[in-house]
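[1] sequence and predicted structure, then a few things I'm wondering about:
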Amino acid sequence: MYSVKEAFYSLQGEGGQAGRASVFCRFSGCNLWSGREAHRAAAACRFCDTDFVGTDGQHGGRFTSTAALADHLVALWPEAPGTATPQVIFTGGEPLLQLDEALIAAMHERGFDVAVETNGTLPAPAGIDWLCVSPKGQAPLVQTRGDELKLIHPQPDAPPERFVDLGFRHFFLQPMDTAPLGGGGDSLAETVAYCLAHPQWRLSLQTHKIAGID
Ligand SMILES: C[S@@+](CC[C@H](N)C(=O)[O-])C[C@H]1O[C@@H](n2cnc3c(N)ncnc32)[C@H](O)[C@@H]1O
Ligand SMILES: Nc1nc2[nH]cc(C(=O)O)c2c(=O)[nH]1
Ligand code: SF4
Ligand SMILES: [Mg+2]
């Protein structure tokens, strides 16, 4: 049984695949926050910009079989000209609470590349084509390799220096959107300054928010 908050077709907004058309599957639930505002201040992850509670979003629901969820996601890919490889991005919430090798294989069988956005506190199943790890504060990091490390900045308890020797192909710093926290701070200026001073890091902007899309 898989619990999905919402599923939709959009452009990957962040990181090294920004701009790529993708089907998003947002799983319900997270191991670092309940998703309830009353619990935010005491959570292990306190800056989340996402509603991942329940299964009531667009194209959300409970899926009792791997094939049913895979077919549901494939149906969101448009009938479109051209030869672009379809991609599904599993996110959440924390997708590694639910994503398994069977679902990855089912998406591969249907011709999709599989990307994942994870907080890195749970081991990733085999077969993922693009693994994005976004560490959170002091939460123990078990996924120390992947395609991109995308650190939200600034996090006083997660300085970039701690991550530079890990096994990732790309290192991105993404400014913290403080709107979910009531605003304040200038994450963008601080992140730009850090990237200028530390060229190992590249700037990642949440381009879907700029574009006004999901
Ligand atoms: C909502 S999370 C879901 C996936 C997974 N739980 C994680 O944290 O990576 C998706 C992406 O949004 C990022 N994110 C969450 N809140 C943010 C914020 N306020 N500003 C910038 N990025 C944020 C996360 O770090 C992660 O890279
Ligand atoms: N367009 C778009 N790109 C994204 N990349 C990662 C997202 C996420 O919430 O995991 C996200 C999202 O919510 N929307
Ligand atoms: S780990 Fe990801 S989904 Fe969970 S609260 Fe943090 S940003 Fe949100
Ligand atoms: Mg998002």
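    Structure received. Ligands and ions are numbered 1, 2, ... in the order given.
[2] going forward, measure contacts between C-alpha atoms and count neighbours the same way
    Fine.
[3] for the spatially most central residue of the chain, pull up the helix or strand it's in.
    The centre of the chain sits closest to Glu117, judged by C-alpha atoms, centre = their mean, with a distance of 2.9 Å. Using DSSP states H and E, Glu117 sits in strand 113-118.
[4] output the contacting helices and strands for that strand.
    In terms of contacts (3 or more C-alpha pairs under 8 Å, 6 or more residues apart in numbering; DSSP states H and E), strand 113-118 is packed against strand 87-91, helix 101-109, strand 130-133.
[5] am I right that Gln143 sits in a helix?
    No: looking at Gln143 with DSSP: H, G, I helix; E, B strand; the rest coil, it is coil, so not inside a helix.
[6] quick check: the gap between the nearest residue to Thr178 once chain neighbours are set aside and Pro159.
    Distance criterion C-alpha to C-alpha, 6 or more residues apart in numbering; nearest residue to Thr178, sequence neighbours excluded, is Gly184 at 6.4 Å. Separation of Gly184 from Pro159 (C-alpha to C-alpha, to the nearest Å) stands at 19 Å.
[7] out of these two, which sits in the busier spot?
    Pro159 (14 against 9; other C-alpha atoms under 10 Å).
[8] contact residues of this structure facing ligand 1?
    Contacts of the chain with ligand 1, taken as C-alpha under 6 Å from any ligand atom, map to 47-50, 91-94, 117-119, 133-134, 152, 175-178.
[9] ok, of these, which come out buried?
    47-48, 91-94, 117-119, 133-134, 152, 175-177 (16 or more other C-alpha atoms under 10 Å).
[10] which ones among these also lie next to ligand 2?
    Thr91, Glu117.
[11] ok, of the buried ones among the residues of the chain next to ligand 1, which one's closest to Gly19?
    Nearest to Gly19 out of those is Glu117 (C-alpha to C-alpha; 15.5 Å).
[12] and stretch 122-130, C-alpha only, in CSV?
    Coordinates of each C-alpha in stretch 122-130 appear next as CSV, following Å, rounded to 0.1, in the frame of the first residue of the first chain:
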residue,chain,number,x,y,z
LEU,A,122,17.1,6.4,5.1
PRO,A,123,19.0,4.1,2.8
ALA,A,124,17.9,4.4,-0.9
PRO,A,125,16.8,1.3,-2.8
ALA,A,126,18.8,0.2,-5.9
GLY,A,127,18.0,1.4,-9.4
ILE,A,128,17.4,5.2,-8.9
ASP,A,129,18.7,7.2,-11.9
TRP,A,130,19.0,10.6,-10.2
